[in-house]
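Q: Here is a sequence together with a model predicted from it:
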Amino acid sequence: MTAIDQIPDLAPTAAGTAIPRARRMPRIPALQIIGAVMLVAVVLFSFGYPLLPAFDPYTQHLSLALTAPGVDAHHLLGTDSLGRDEASRLALAGRVTLGIVVAIVVVNSLLGMSIGIVSGYLGGKIDNLLMGLADVQLAMPVILVLIALAAAVGPSVWLMIGVLAATYWVGYARVARSVSLGLRERDFVLAPRIQGASGFWTVRRHIVPNVSVQMLILAVSDIGAVILLTSSFDFLGLGVQAPMPSWGLLISEGQKYVRQAPYLSILPGIVIFLVVAGLHLVSQRFTSESTPSRKRSPRTTQKKGARR
Amino acid sequence: MNDSPAETVLAVDDLQVHFSTRGSRGARRTIRAVDGVSFALRRGETLGLVGESGCGKSTLVRTIFGLNTPVSGSIEVLGHRLAGLSSRRRRAIQNRVQLVFQDPYSSLNPRLTAHDIVAEPLRIAGRYSRGTVASLLDDVGLGADALAKRPAQFSGGQRQRIGIARALALHPDVLVLDEPVSALDVSVQAQVINLLKDLQEKHSLSYLFIAHDLSVVRYLSDRVAVMQKGKLVEVGSKDQVFDAPEHPYTRSLLASIPVADPRRRADAPTQLQES
Amino acid sequence: MTRYLSRRLVQALATIFAVVTVAFAFGRLSGSPAALLLTENAPKSQIVALNHRLGFDKPLWLQYVDYLGGLLHGDFGQSYRQVGVSSMSLVLERLPASLLLGAVGLTAGILLAMVAGLVIQLTGSRGLRTTALGIGAVRQAIPDFFFGLLLVLIFSVTLGILPSLGNRGITSVIMPALTIATGQFILYMRLIDNSLTEQSSMDYARTAYARGDSRFRVVLGELLPNAFLPVMTVAGISLGGFLGGLVIVENVFAWPGMGQLMLSAVYSRDFPVVQSGLIVVAGLFIVANFAVDLCYALIDPRVRLR
């Protein structure tokens, strides 16, 4: 490698002369900033508003029921059918939904990572067994499994978390497995093995750090999908159960009053959109996906439902 | 080399390592990667192992370190057969043979510092001390400022030094060097080779030096073994093999060494330049 | 060909068997359903009697055998809530409505995606592509049920031009189908766009252009049939997610389909209905996958059904 190759901005072109890279389009993270703002706004509201003295999602002011937003100074986002402050309800629902979603993603990523690493690093029969399990659950749509179990034992938020934990780990496991497989034969993983490291040691020090990074990336882009999924389940009554509020539940409750008080459904819907779109913008960068050039091969896109 | 009766530090006897693969039509074929290899490495000597890619060198190395299981044959380290020992004893004996990898760019974990990389074998064996790590790196010519740096901040030659330091951490008697300078620039190769020579003297090491660059082999080795398709086709002292090769394969290998003086090319196998 | 067919048949039976067994296992998870079906303070004797009538006091393996035997006779169990009514008949009653909505929605979505993809390919406009992908991405961030609700808000509540509930005539299918179609749009649009772009750089396309064929003819005549193959594959693979979306849309619009039926069975804890529903869905899966394979074999001469 010559010295010129090592100067990052002066990569040689085919003609042999170095042309400064300033000619390339600089990446404007405008979309990412917008996404981050959307995301932060919702998170701040959900976790910050409850800290304010005005926060009161429980008290019913029946005389003020179904007040529209902006009418009453004490209830800037209006009230629901029982006169409860909608802003407070929304914030609380945000805490509940986000809390559950983060819990689900954490559980799934840890579970998937463990299974994937074990499968990839140990290989052989264990690998076949675990990946066989993965294939089995791929066949059935999650919602039907949830419906079946909910019909049998009754719907509850724990059932939803459990079903999602039992099915969603597969995406993480596959990635963890392929990374582990790739790393397993690398020289820097063989070196400690030769020097007496146990499997645990090697995995912990050399494989887990690399895999974790991939899991994190996957998890961040997964959160949006899980929010949509759990909100749908909540809406159908298969997830969070009343009286605990969640975004999906609020929309479901608001549906009954869609004629008199459409804002009851619209507000939570907008909030969901802000979070999911914000996450999407921040983690996937629209532009890199949207222009497949003629020369490049088509990239695999992250489809939300593809891992089910 | 010592004059006293040389002790055999590493002995390989009729080693057979086979792989079975599926051919294109589903028929099972057995590939004899190592097909009856025997040699003995004595204390303080350097045995050069040459052969083209695919001859079985890598499999031999992996088998010595327990990454492949032989079908038959034995490996003895310091007179002990590894197979029948308790796991603690086996680990202690196995640690007396260490490996230096070929590719300095993939043999070091890019996320760890030089200190952590060299410290790892010490930690595994429970013998860690910061002073030991520092002195190991010093031994290979890297100063204290190298401790906190990551592989990306080192050149190829320096990374290879780190690999050598790591291999020396457990005070081995034998170093297996798997093409240790092939991936380096020619100018750097000489530095690392000289380092290896110095270390060998300093620590009374025995080397199994695997390479395909014959001039380097000639410089470092006392004896040379030539491997082809899983078998050792020729073993002898350096002069014997280079000046009077017996096996036709050895001869063709030597014939491919570039000779600088065009007038001497016709006599190529008989006279070679000392590097 | 017969080997292929018999292999698929065996696979199908194995799948159904697995689904049936899993459904049975789920159903027995809650212990005796009698306590749930009766009112809170039902006397123990009533519970025991109901359990006996439903066959829940027999040992588990015997229940399983009875269950399998019943299936072979076409007895899929009676609904817990509508006594005397076969759960399967309830499900099959609703099947056509679901099939209709699913087919219309999916077809509309794929058509929309195809039109968009073709227009982008024909005009070569980057702006169009970015716009289409942007719209698709925005739609993706809106949950189906909310989108449906918005449609109801705009077209039923505010404008009053479309009915919001149920299945009363042709106009009822518009909004639910639109919800499904827009949801599927981005998935297939990206796929078709990538596929067409990939095909357009292949030799046979360049040959066609060199021949003097117009862009229109090349894109529609040569590229499209090849680009369509991945669409079928993806449709087959994403069937599971699609069915999930269908359940949600049926619920939002109170569309009288299987999904709606199964959901209300959850609320009323009417497990046999859910069980029969699962079996029908499994059957649909099998048929759909088979159909996709068949189409593939017909369109792509490289595939041989061994």
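A: Thanks, I have it. Being a predicted model, the structure only gives us computed values, none of them experimental.

Q: how much space between C:Ser45 and chain B?
A: The gap separating C:Ser45 from chain B is 66 Å, by CB to the nearest CB, to the nearest Å. Bear in mind the C-beta positions are built from the backbone N, C-alpha and C, glycine included.

Q: How many residues are close by that residue?
A: Using other CB atoms under 10 Å in any protein chain shown, C:Ser45 has 8 neighbouring residues.

Q: Could you check the pLDDT of it?
A: Residue-level confidence at C:Ser45 comes out at 78, pLDDT.

Q: spatially speaking, which residue is in the middle of chain A?
A: Centroid check for chain A by CA atoms, centre = their mean gives A:Ile223 as the closest residue, at 0.9 Å.

Q: now the helices for chain A?
A: Per DSSP state H, chain A carries helices over the ranges A:3-6, A:30-48, A:86-122, A:124-139, A:142-153, A:157-184, A:187-194, A:199-202, A:208-236, A:247-255, A:263-284, A:286-290.

Q: can you tell me if the longest helix anywhere in chain C touches chain A.
A: Scanning chain C for the helix with the most residues, using DSSP H, yields helix C:87-123. No: Helix C:87-123 is not in contact with chain A by CB under 8 Å from any CB of the partner chain; minimum separation 10.9 Å.

Q: Which secondary structure elements does that helix sit against?
A: On a contact count with 3 or more CB pairs under 8 Å, 6 or more residues apart in numbering or on different chains; DSSP states H and E, helix C:87-123 meets helix C:126-140, helix C:174-200, helix C:224-237, helix C:239-252, helix C:258-267, helix C:271-299.

Q: Give the buried residues for it.
A: C:87-88, C:90-91, C:94-95, C:97-98, C:100-102, C:104-106, C:108-110, C:112-114, C:116-118, C:120-121 (16 or more other CB atoms under 10 Å in any protein chain shown).

Q: likewise stretch B:14-23?
A: B:Leu15, B:Gln16, B:Val17, B:His18.

Q: Surely the first one is in contact with B:Ala33?
A: By that I understand B:Leu15. No: B:Leu15 is not in contact with B:Ala33 according to CB atoms under 8 Å; the separation is 10.1 Å.

Q: And the pLDDT for C:Arg81?
A: Reading off the model, C:Arg81 has pLDDT 75.

Q: For it, which residues are in contact?
A: Taking CB atoms under 8 Å, 6 or more residues apart in numbering or on different chains, we find C:Arg81 in contact with C:Ala265, C:Ser268, C:Asp270, C:Val273.

Q: Based on its surroundings, how many neighbours for the last one?
A: Other residues within reach of C:Val273 by the criterion other CB under 10 Å amount to 31.

Q: how much space between the residue nearest to it when sequence neighbours are not counted and C:Gly84?
A: Sequence neighbours aside, C:Ala265 is the residue nearest to C:Val273 in space, at 4.0 Å (criterion: CB to CB, 6 or more residues apart in numbering or on different chains). From C:Ala265 across to C:Gly84, the span is 16 Å (CB to CB, to the nearest Å).

Q: Looking at those two, which has the bigger crowd around it?
A: C:Ala265 (27 against 6).

Q: ok, that one touching C:Ser276?
A: No: C:Ala265 is beyond contact range of C:Ser276, at 9.4 Å (criterion: CB under 8 Å).

Q: picking that back up, got JSON lines for the helices and strands packed on helix C:87-123, with mean pLDDT and distance to A:Ala150 too?
A: Shown next, in JSON lines, are those (pLDDT from 0 to 100; distance: least, CB to CB, whole Å):
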{"stretch": "helix C:126-140", "mean pLDDT": "88", "distance to A:Ala150": "26"}
{"stretch": "helix C:174-200", "mean pLDDT": "88", "distance to A:Ala150": "23"}
{"stretch": "helix C:224-237", "mean pLDDT": "80", "distance to A:Ala150": "26"}
{"stretch": "helix C:239-252", "mean pLDDT": "88", "distance to A:Ala150": "12"}
{"stretch": "helix C:258-267", "mean pLDDT": "90", "distance to A:Ala150": "5"}
{"stretch": "helix C:271-299", "mean pLDDT": "83", "distance to A:Ala150": "9"}
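
Q: and C:Arg3, which of those helices is closest to it?
A: For C:Arg3, the closest of the helices and strands packed on helix C:87-123 is helix C:271-299, at 14.2 Å, according to CB to CB.

Q: Next, the angle helix C:239-252 makes with that closest one.
A: Per axes from the mean of the first three to the mean of the last three CA atoms, to 10 degrees, the angle that helix C:271-299 makes with helix C:239-252 is 130 degrees.

Q: ok, and for helix C:271-299, which residues are buried?
A: Buried, per 16+ other CB under 10 Å, within helix C:271-299: C:271-282, C:284-286, C:289-290, C:292-293, C:296.

Q: what's the answer for stretch C:170-186, then?
A: Buried residues in stretch C:170-186, defined by neighbour count with 16+ other CB under 10 Å: C:172-186.

Q: Sort out which one of those lies nearest chain A for me.
A: Relative to chain A, the closest of the buried residues of stretch C:170-186 is C:Ile186; by CB to the nearest CB it sits at 8.7 Å.

Q: which stretches of the stretch 101-250 of chain A have low pLDDT?
A: Applying pLDDT under 70 to the stretch 101-250 of chain A flags residues A:138-139.

Q: what residues does it put near chain B?
A: Residues of the stretch 101-250 of chain A found near chain B (CB under 8 Å from any CB) are A:186-197, A:201, A:205-206, A:209-210.

Q: quick one: which of the buried residues of stretch B:14-23 is nearest chain C?
A: Nearest to chain C among those, counting by CB to the nearest CB, is B:His18 at 33.6 Å.

Q: Please name the residues that touch that closest one.
A: Per CB under 8 Å, 6+ apart, neighbours of B:His18: B:Thr30, B:Ile31, B:Arg32, B:Ala33, B:Val71.
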